[in-house]
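A.B. asks: Provide a 3D model corresponding to the input given below.
(2 chains)
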Amino acid sequence: MSTRASTLTGRIMSAPSIIVLFLWMAVPLGMTIYFSFLRYNLLSPGMEEWIGTLNYEFFLTDPAFFASLTNTLLLVGSVLVITVVGGILLGLMLDQPIFGRGILRLLVIAPFFIMPTVNALVWKNLLMDPVSGMFAWIASLFGLPAIDWFTNAPLTSIIIMVSWQWLPFAVLILLTALQSLDRDQKEAAQMDGAGPVAIFFYITLPHLSRAITVVVLIETIFLLTVFAEIFVTTGGGPGLATTNIAFLVYTQALLQFDVGGASAGGIVAVILANIVAIFLIRLIGKNLDK
Amino acid sequence: MGAIRLEKVKKTFGTLDVIPGVDLDINDGEFVVFVGPSGCGKSTLLRLIAGLEDVTDGKILINGTDVANEAPAKRGLSMVFQSYALYPHMTVYNNIAFGLKMAGESKEVIEEKVQSAAKILNLTDYLERRPGALSGGQRQRVAIGRAIVRNPAAFLFDEPLSNLDAALRVNMRLEITGLHQELKTTMIYVTHDQVEAMTMADKIVVLQAGRVEQVGKPMELYNNPTNKFVAGFIGSPKMNFLGGELAKKYDCHEIGIRPEHFAISTEKGEIPATVKIAEHLGAETYLHVEADGLGPMTVRATGEIPLGEHDKIFLTPEQDRIHRFDAQGLALAKS
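C.D. replies: Predicted structure coming up:
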């Protein structure tokens, strides 16, 4: 791409895909923004009218909005901590030459290939069910009362399920990073008198920082929009206990048929996601420059 | 202080005897070079001394104490790795300070020791940089700095120069030799390059297949190799080995003559030969010749000589420089 002619050719050649991608993104976004300024309810078709920022006022002053914002942040934060810490520990274990390592690795990675809906159903019906679930059975073995997970600890239950789903991803990324750690460095640290704990904090963890950054960034993107697990298990309840922003937008649009309000909620979610993204990239994205 | 003694040190990986049993004495302050072809076990032997591999059997005595079962850090040795193994996320300062920090030294002591090591190694201006921003030679020096500050009983070098380019290698060779003269600490240096061994060592240990072939001063090895392997390994270009009628004349299985120990004449001499390739280097000339009835040989002449392809020459070996070997490859007394 050095001459003017080849630069021009390059631009012309890549134009179609760029235009398609742009339209793909811009048209739905534009329509959502447009709808968000309309009174647009599917129950009263043909009565759409311009109402300015009223939808936003209703959405942002709705107590459900703050509840779901808190839930979203709690969900994302907890899952990130659990998957990163758990991922490092599991990664360290799977990096050791232990018996049956190949099969163990496969088992650890497996949850990632299960679709979220199935994952949620398995947890809901087979594991966490207070009557027929395995956890209840285990509790009964010790003479303890069964916990009704989705009633008593709804958000915790969602966090557990989503963490289980995302732990393999963290393990996969962190394990590969661990495997690329130069053996000489560990040996040099050993010669320098560092014990296993010191080697972990001074050598291994700094080496993993870039991989951790990748895990945090990618997981955050997906965790902000967790939906299937909530939809299948708690339906956002009890009350608003497990409603996150994504689920709130869904209830606005498809349970209350308020397209205008849901669009406003969607735009708010986009803005929030961008704030989080900017914050994250500022905070830890500099790790990627090294 | 660092006298190291190996007693019947043995290492096996599974069923493979990497080191069948080595005895070796390294005196305090000596610069010892382990040299041998790839896979001869020299690095393994060094790692055994360092404690990075467990010995299968035998004793490693440092200043009279058996450390064969001690952790690496307890042995009081420092190692410079082939890949330097610097900690990439730490500054040069922290890289050098790491060992002291682990030993629980105070900030002032660390500061003082790091600064003095940096001064010896010309690293003072680079202390705040990370290894990624340094050249190969500088990284090498940081690795050495990391070894120096711990004030070890002995330094271990594992092929430290093999990642550097040729010019830098010559420089670093001199620097390491200079460092040894300054610190007077025992150094064990592993290399496959016999030039490094010859130029740096007080004592060379030639290894082959995990066995010590010969131990001695560089010139001892050059002048009196105990077997054909050492004779061929030490010296560059390689010694010429000649058998047949010529060897019979000297009453042995094979004779060895170094390329530099021939008189070259265009008129008469003991061995007639034809020049195949002549390499003119200015200070010296290497002639790759085909000796009549004896096969290819290499001859080194000082200065320039006007010989080229297809020239007929006559070679006469210096009689007192002929090495004689028996059928097992062991050296016989000079004739």
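
A.B. asks: mind listing the helices for the stretch 1-150 of chain A?
C.D. replies: Using DSSP state H, counting those that start in this stretch, the helices of the stretch 1-150 of chain A run over residues A:4-36, A:54-61, A:63-95, A:101-109, A:116-121, A:134-141, A:149-152.

A.B. asks: where do the helices sit along the stretch 51-200 of chain B?
C.D. replies: Ranges of helices within the stretch 51-200 of chain B are B:92-102, B:107-120, B:136-148, B:166-183, B:194-200, based on DSSP H, counting those that start in this stretch.

A.B. asks: turn those into JSON lines, columns for mean neighbour count, mean pLDDT and distance to B:Leu307.
C.D. replies: For the C-beta atoms, the positions are set from N, CA and C on the backbone; glycine is no exception. JSON lines is the format used below for these (neighbours: other Cβ atoms under 10 Å in any protein chain shown; pLDDT from 0 to 100; distance: least, Cβ to Cβ, whole Å):
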{"stretch": "helix B:92-102", "mean neighbour count": "23", "mean pLDDT": "89", "distance to B:Leu307": "52"}
{"stretch": "helix B:107-120", "mean neighbour count": "16", "mean pLDDT": "89", "distance to B:Leu307": "48"}
{"stretch": "helix B:136-148", "mean neighbour count": "24", "mean pLDDT": "88", "distance to B:Leu307": "39"}
{"stretch": "helix B:166-183", "mean neighbour count": "15", "mean pLDDT": "88", "distance to B:Leu307": "27"}
{"stretch": "helix B:194-200", "mean neighbour count": "20", "mean pLDDT": "89", "distance to B:Leu307": "26"}
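
A.B. asks: need those helices in CSV (columns: distance to A:Val76).
C.D. replies: Shown next, in CSV, are the helices of the stretch 51-200 of chain B (distance: least, Cβ to Cβ, whole Å):
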stretch, distance to A:Val76
helix B:92-102, 34
helix B:107-120, 40
helix B:136-148, 41
helix B:166-183, 51
helix B:194-200, 57
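
A.B. asks: among those helices, which is nearest chain A?
C.D. replies: Evaluated with Cβ to the nearest Cβ, the helices of the stretch 51-200 of chain B place helix B:92-102 nearest to chain A, the distance being 3.7 Å.

A.B. asks: and the closest one, what does it pack against?
C.D. replies: helix B:107-120, helix B:136-148 (3 or more Cβ pairs under 8 Å, 6 or more residues apart in numbering or on different chains; DSSP states H and E).

A.B. asks: distance to chain A for these - can I get that in JSON lines?
C.D. replies: Putting these into JSON lines (distance: least, Cβ to the nearest Cβ, whole Å) gives the following:
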{"stretch": "helix B:107-120", "distance to chain A": "13"}
{"stretch": "helix B:136-148", "distance to chain A": "7"}
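
A.B. asks: before we move on, the earlier item: of the helices of the stretch 1-150 of chain A, which is nearest B:Thr177?
C.D. replies: Closest to B:Thr177 of the helices of the stretch 1-150 of chain A is helix A:63-95 (Cβ to Cβ; 40.4 Å).

A.B. asks: now that closest one: mean pLDDT?
C.D. replies: Average pLDDT, helix A:63-95: 89.

A.B. asks: can you pull the buried residues of it?
C.D. replies: A:64-65, A:67-69, A:71-72, A:75-76, A:78-80, A:82-84, A:86-88, A:90-91, A:94-95 (16 or more other Cβ atoms under 10 Å in any protein chain shown).

A.B. asks: same question for stretch B:297-315.
C.D. replies: B:Met297, B:Thr298, B:Val299, B:Arg300, B:Ala301, B:Ile305, B:Leu307, B:Asp311, B:Ile313, B:Phe314, B:Leu315.

A.B. asks: I'd guessed the third one sits against B:Glu290; true?
C.D. replies: I take that to be B:Val299. No - here B:Val299 lies out of contact with B:Glu290, judged by Cβ atoms under 8 Å, at a distance of 11.4 Å.

A.B. asks: close to chain A: what parts of the stretch 101-250 of chain B are there?
C.D. replies: B:Met102, B:Ala103, B:Gly132, B:Arg146, B:Arg150 (Cβ under 8 Å from any Cβ of the partner chain).
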